[in-house]
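Enquirer: Quick check, what structure comes out for this input:
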Amino acid sequence: MMRSTQAFSHGLFFLAGVFLNTGLNLTQTSVSGPNAALSAAPEAALALRSAAAPECPKCPAPVECEECDHDCEGRSPDSPDSPEDTPLQHECEPCQEESGCPDLYASRPPEFQSVQVDFGGAADDKIRSAESLLAAALKSTGFEAIAGHVAAKTTGETVITFAGGFTRLDAYLWPETGAVSIDLHTNTSFDLVPFVPALAQNFGVNVQNVRWKIFTREPAASGDRLMFGKNDLTVQMLEGEGTFYRRRLSNFQSKYQNIQVWETDDNEPIEPGVEMNRILYLDETQQSAADDEIIYHEHLIHPAMLAHPTGAKKVAILGGGEGASLRETLRHSTVTDAYMIELDDGVVEESKKFLMEMNNCSFGEPKYKSCFEDPRAHLVVEDCVGWFKERFKGDACATATNESKFDVIVMDLLDPEYEPEGDFAKFLYSKQQIETLACALNDDGVFVAQLGESPFQLSTIAGYAKNKEYRFKVEIVDMIARHFAPHGTFVYTAYVPSFKGLWTYVLGCKSAACVERWHSSIAAVNLAKRQRLIPAAYPFVGFDGSSQAAIQQIPLAWQEVYCDHMPGTPSCNLVRMPSVEDGALTPETYLAAKKDSTSFSVTRDVEPNVNLGLNGAATALDIPRASLEALREFATAHNLSSHKRVVAWFDKYGQTCDHLMGGRVFVPLTSKLSLVNQGCGDGAIVSAASPAVPLRTQNATFWNPPLMRHAIEYCTAVQTTKRLEKGTVLKKGRHRCQKRAT
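Expert: As a prediction, this is how the structure comes out:
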């Protein structure tokens, strides 16, 4: 049921009520309605403030705080004398240290928690025995020896109060409707989640119809003020943001972390037979949600598996304890060995019990089959860093053999949202570890990792691109790119609804063949999917050629982050370079054909460093270099004159970029500028790929988002090297600059 106005008023009153031994006794208060509750609230609030900001005991005299302008009592010298205006937070920690005043929270439990529970449909006999039912629910939650009694009773409403120590419960019951509203406030660290199903069971109502919220306040690390803890578990499950039904299925403390699995449903009422969502939390941080984990895991696994030139046989998965990354890997028929190296076997075991769909390798069969039982799967419960060190005798680059290397390595571990502080996290993204993983791959191997949340485009415009988080991620990608093929490192994103954001992945290809496959057409990827997946698994994989096409382009936000991180990079300057087409609705109006039909004249002045050939890029026909060579071989093998003419046409008019987009040959089809002799760097206009326009830097060789995002413009466009005055004659000719972008 929805919390009524009356119950909400009661909640406000008792939230301010005493649970800290302040001396204000409200347990005998007779309350008949919200007005009476609100009239008592100021005194209750006064008591709470007095308890939360006590005077320093045995302090010899008020000590003036130069740093925070507060005295030792926690009251500002300029604040009113009214106790109601005394700050709730004690903001004078420096003075406490100097004067010997004790820590504000030293004598109090570390947390303040409150739970609000509402439900209807309670039978009349349950309402009559509510006091004992409430006591039993409290006891089952861990609260002992808390006395309760009927605090108020009218014709339509009964109020029952329990109070003792640092805990107070107030229950409001309406016998005519069977409605119950409960507020529990405590300064203990008890787990309040079991209190909800205990109430539902005791009152004989379906827990799916119970509405509840748990709020927790705890001191910040500095210990000088109360803060709300807003981790994923708190917001999504305890406070129930946008979620109607929540039930905790597992709460397990492993050797390394707290593991919780929750069942949820957003629909009200819950539809019978509908499969509910299940969410995994590690140390209160969401890891996977059954409703949409398929998006995350498909984008992590299939791009790498499909990009491998011959079909990956041996795969290593670092992390991924719930088994979903292993599941997607085992869908590929080429896989003979899939090693999953997971430090915490507690995650694996809890996932086997409560997240079976995430590790279900039945592939359409009605009976569940655990992926961990697949003979191709090898679960290694060990620290992945130590395991790789042992496998490769401490130096993968020196000792790795074809038998020990992998075709694909998947890093499904920590999100590098901020520069890590722990030794393990630091090493995980270190140059040494990235180099180890690269050396552990075969020559045509593929590496993929998740990089956490993607920067938003607006955040880069606002200047946030320079912050520590994004800088660190750019450094990670650049470090990865140094160990893989030129322009063979790709950053892509996928929107994961339960993460409430775009999630970033980085993939590295060691071979040119892998880079070519990354840039495959939609139809080619669809064909590869059919060829490589186990037929029974094929219908269960949503990732396809259109999905691949959507991730082939590096997101704009990452280009902006890159250019902010590496200012002055020539490719960033090219993107921002002015063009003759700016503001022109008709392309190439700056060129007019002369009567002799052998040349063009420039119709207006064009300044140096202006991009000329964007119309050529926009109209270009392109063919992958590998496809052109395959066509050449096919034409020769079958002696096909028509095919040979097509190859010759590309050879004559094509502009080649061998290291962008997997190697491409472009032919501008309807651009007048494509007919002009561009001088190969020694004239007034040059090809963007010419040595006269140095777009490459050392870093650009490894990973260059603006160059990769604007590959067609780079490969086909031309620009001015000096001023073109109106009337300048440009001769036609086929002296094209064929310098390759390397």
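Enquirer: List the contacts of the residue nearest the centre of the chain.
Expert: For the chain, the residue nearest the mean C-alpha position is Glu453 (3.4 Å; CA atoms, centre = their mean). Shown in contact with Glu453 (CB atoms under 8 Å, 6 or more residues apart in numbering): Asp415, Glu417, Phe499, Gly501, Leu502, Trp503, Thr504. (C-beta placed from N, C-alpha, C; glycine too.)
Enquirer: Kindly supply the ChimeraX command isolating those of the residues you listed that are buried.
Expert: Of those, the buried ones go into a single ChimeraX selection, burial set by 16 or more other CB atoms under 10 Å:
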select :415,499,502,503,504
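Enquirer: Make CSV from the contacts of Glu453 and add distance to Lys389 to it.
Expert: CSV is the format used below for the contacts of Glu453 (distance: CB to CB, whole Å):
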residue, distance to Lys389
Asp415, 23
Glu417, 26
Phe499, 32
Gly501, 34
Leu502, 34
Trp503, 29
Thr504, 27
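Enquirer: Identify, from the contacts of Glu453, the entry nearest to Ser254.
Expert: Asp415 (19.6 Å; CB to CB).
Enquirer: pLDDT check: weakest of the contacts of Glu453?
Expert: Minimum pLDDT across the contacts of Glu453 is recorded for Glu417, with 68.
Enquirer: Verify the stated contact: Trp387 with Ile341.
Expert: Yes. Counting by CB atoms under 8 Å, Ile341 is a contact partner of Trp387 at 5.2 Å.
Enquirer: between the two, what contacts are shared?
Expert: By CB under 8 Å, 6+ apart, the residues touching both Trp387 and Ile341 are Val380.
Enquirer: Compare these two and say which is more crowded by neighbours.
Expert: Ile341 (22 against 17; other CB atoms under 10 Å).
Enquirer: Give me the phi and psi angles of Val180.
Expert: Main-chain torsions, Val180, degrees, to the nearest 10: phi -140, psi 130.
Enquirer: how much space is there between it and Val729?
Expert: From Val180 across to Val729, the span is 91 Å (CB to CB, to the nearest Å).
Enquirer: neighbour count winner among these two?
Expert: The neighbour comparison of Val180 against Val729 (other CB under 10 Å) goes to Val180, with 28 against 11.
Enquirer: ok, back up a step: test of understanding: give the bridge partners of the residue nearest to the centre of the chain.
Expert: Here Glu453 sits in beta bridges with Trp503, as judged by DSSP bridges.
Enquirer: and it, how far is that from Pro705?
Expert: Distance, Glu453 to Pro705, using CB to CB: 18 Å.
Enquirer: Kindly report the same for Val315.
Expert: 28 Å.
Enquirer: With Ala324 instead?
Expert: With distances taken as CB to CB, Ala324 is found 29 Å from Pro705.
Enquirer: Report pLDDT for the residue nearest to the centre of the chain.
Expert: We have a pLDDT of 88 for Glu453.
Enquirer: Over to Phe543?
Expert: On the pLDDT scale, Phe543 gets 95.
Enquirer: separation between it and Lys726?
Expert: Phe543 is 54 Å from Lys726, by CB to CB.
Enquirer: Look at the two and report which has more neighbours.
Expert: Phe543 (22 against 11).
Enquirer: Wait, that one touches Leu300, no?
Expert: No. Applying CB under 8 Å as the test, Phe543 and Leu300 come out as separate, 10.1 Å apart.
Enquirer: Low-confidence ranges, the stretch 351-500 of the chain, go.
Expert: Applying pLDDT under 70 to the stretch 351-500 of the chain flags the ranges 417-423, 457-469.
Enquirer: Arg246 bridge partners, please.
Expert: With DSSP bridges as the rule, Arg246 is bridged to Thr264.
Enquirer: Which residues are in contact with it?
Expert: Applying CB under 8 Å, 6+ apart, the residues near Arg246 are Met237, Gly240, Trp262, Glu263, Thr264.
Enquirer: Once you drop chain neighbours, what's closest to the second one?
Expert: Okay, so that is Gly240. Lys213 (5.5 Å; CB to CB, 6 or more residues apart in numbering).
Enquirer: Am I right that the one you found sits in a strand?
Expert: Yes. Counting by DSSP: H, G, I helix; E, B strand; the rest coil, Lys213 is found in a strand.
Enquirer: residues touching it, list them.
Expert: Lys213 touches Val115, Gln116, Leu238, Glu239, Gly240, counting by CB under 8 Å, 6+ apart.
Enquirer: and with 10 Å instead?
Expert: 3, 114-118, 196, 237-241, 246 (CB atoms under 10 Å, 6 or more residues apart in numbering).
Enquirer: I'd like the list of the residues you listed that fall within strands, please.
Expert: The strands, defined by DSSP state E, take in Ser114, Val115, Gln116, Val117, Asp118, Arg246 from those.
Enquirer: now that we have the residues you listed, which one has the most neighbours?
Expert: Top of the ones in strands among the contacts of Lys213 by neighbour count (other CB under 10 Å): Arg246, with 24 neighbours.
Enquirer: now that residue: how far from Gly662?
Expert: 47 Å.
Enquirer: and if you look at Gln531?
Expert: Taking CB to CB, one finds Gln531 at 19 Å from Gly662.
Enquirer: The two: who's more crowded?
Expert: Set side by side, Gln531 and Gly662 show more neighbours around Gly662, with 26 against 11, by other CB under 10 Å.
Enquirer: Spell out the secondary structure type for that one.
Expert: With three-state DSSP as the basis, Gly662 sits in coil.
Enquirer: okay but it is in contact with Gly488, surely?
Expert: Yes. Judged on CB atoms under 10 Å, Gly662 makes contact with Gly488 at a distance of 8.8 Å.
Enquirer: OK, contacts around the residue nearest to Pro555 when sequence neighbours are not counted?
Expert: Nearest-residue entry for Pro555: Thr493, 5.4 Å, with adjacent residues in sequence omitted and distances by CB to CB, 6+ apart. Contacts for Thr493 (CB under 10 Å, 6+ apart) come out as 299, 451, 453-455, 501-505, 550-551, 554-555, 557-558.
Enquirer: let's see it at 7 Å
Expert: Contact analysis of Thr493 by CB atoms under 7 Å, 6 or more residues apart in numbering lists Ser454, Leu502, Trp503, Thr504, Pro555.
Enquirer: now the residues you listed as JSON lines including distance to Val525?
Expert: Shown next, in JSON lines, are those (distance: CB to CB, whole Å):
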{"residue": "Ser454", "distance to Val525": "22"}
{"residue": "Leu502", "distance to Val525": "21"}
{"residue": "Trp503", "distance to Val525": "21"}
{"residue": "Thr504", "distance to Val525": "21"}
{"residue": "Pro555", "distance to Val525": "20"}
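Enquirer: check which helix or strand covers Cys563.
Expert: helix 556-565 (DSSP states H and E).
Enquirer: just Glu349 next, same as before
Expert: With DSSP H and E as the criterion, Glu349 is inside helix 345-354.
Enquirer: Heading C-terminal from that helix, find the next helix or strand.
Expert: strand 377-381.
Enquirer: Give the buried residues for that following strand.
Expert: Ala377, Leu379, Val380.
Enquirer: strands paired with it, and their directions?
Expert: strand 337-342 (parallel).
Enquirer: got the contact list for the strand it pairs with?
Expert: The set of residues external to strand 337-342 that reach it, using CB under 7 Å, 6+ apart, is 314-321, 326, 329-330, 348, 376-382, 384, 387.
Enquirer: all helices of the stretch 151-300 of the chain, in order?
Expert: Using DSSP state H, counting those that start in this stretch, the helices of the stretch 151-300 of the chain run over 195-203, 232-233, 293-307.
Enquirer: now swap in the stretch 601-742 of the chain and tell me
Expert: Going by DSSP H, counting those that start in this stretch, the stretch 601-742 of the chain shows helices at 614-618, 625-637, 641-653, 698-702, 705-709, 711-716.
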